[in-house]
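Visitor: Return a 3D structure for these sequence lines:
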Amino acid sequence: MQAHLRIARPVSDLATTERMYCDAFGLAVLARFQDHDGFDGVMLGREGMDYHFEFTHCRTHPVAPAPTPEDLIAFYLPDSETWKAACACATAHGFVRVTAFNPYWDVSGQTFEDLDGYRIVLQNAAWPR
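Guide: You can find the predicted model right below:
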């Protein structure tokens, strides 16, 4: 099945989350909505990518983010210099480096948390397929 992937997550602070992901990972606002059936949201990505993030906040019944240490988004960056720059950029824009729950991710990567505890892995390796 070929499909475009949307990664949708509730967040506690829409503006801060948008700024962090755009600045750290070079994403852009693809769409934004306000009070759509009680939800505000923003979609972040880049034109031509097969995925994007959607971050939402419910005005009437806010959903508390509830990530676990194993809820990961992993980006494979095979070039060492690109990977180092991406890790530095993530930290510079508010992501906090954490020890991975699964030690596999610490062998060739670094794990970061956003302000709600959602984890992003920057893996210094090529995707093997």
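
Visitor: Can you classify the most centrally placed residue in the chain by secondary structure?
Guide: For the chain, residue 120 is the residue whose C-alpha lies nearest the centre (Cα atoms, centre = their mean; 5.7 Å). What DSSP: H, G, I helix; E, B strand; the rest coil gives for residue 120 is strand.

Visitor: For it, name its beta-bridge partners.
Guide: Taking DSSP bridges as the rule, residue 120 bridges to residue 73, residue 112.

Visitor: contacting residues around it?
Guide: 72, 73, 74, 75, 90, 95, 111, 112, 113, 114 (Cβ atoms under 8 Å, 6 or more residues apart in numbering). In short, each C-beta sits where N, CA and C put it, glycine included.

Visitor: The third one touches residue 121, doesn't it?
Guide: Yes - taking Cβ atoms under 8 Å as the contact criterion, residue 74 and residue 121 are neighbours in contact, 4.1 Å apart.

Visitor: Including pLDDT, distance to residue 54 and neighbour count, could the contacts of residue 120 go into TSV?
Guide: Shown next, in TSV, are the contacts of residue 120 (pLDDT from 0 to 100; distance: Cβ to Cβ, whole Å; neighbours: other Cβ atoms under 10 Å):
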residue	pLDDT	distance to residue 54	neighbour count
72	97	17	17
73	96	13	13
74	97	19	14
75	96	17	13
90	98	20	23
95	99	19	25
111	99	22	22
112	99	20	21
113	98	19	17
114	98	14	24
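
Visitor: Out of the residues you listed, which comes closest to residue 82?
Guide: Taking Cβ to Cβ as the measure, residue 75 is the one of those closest to residue 82, at 10.4 Å.

Visitor: and the helix or strand encompassing the closest one, what does it pack onto?
Guide: Using DSSP states H and E, residue 75 falls within strand 72-76. Helices and strands touching strand 72-76, by 3 or more Cβ pairs under 8 Å, 6 or more residues apart in numbering; DSSP states H and E, are strand 119-123.

Visitor: what about the strand it packs on, average pLDDT?
Guide: Mean per-residue pLDDT for strand 119-123: 98.

Visitor: quick check: angle from that strand to strand 72-76?
Guide: Taking axes from the mean of the first three to the mean of the last three Cα atoms, to 10 degrees, one finds strand 119-123 and strand 72-76 inclined to each other by 20 degrees.
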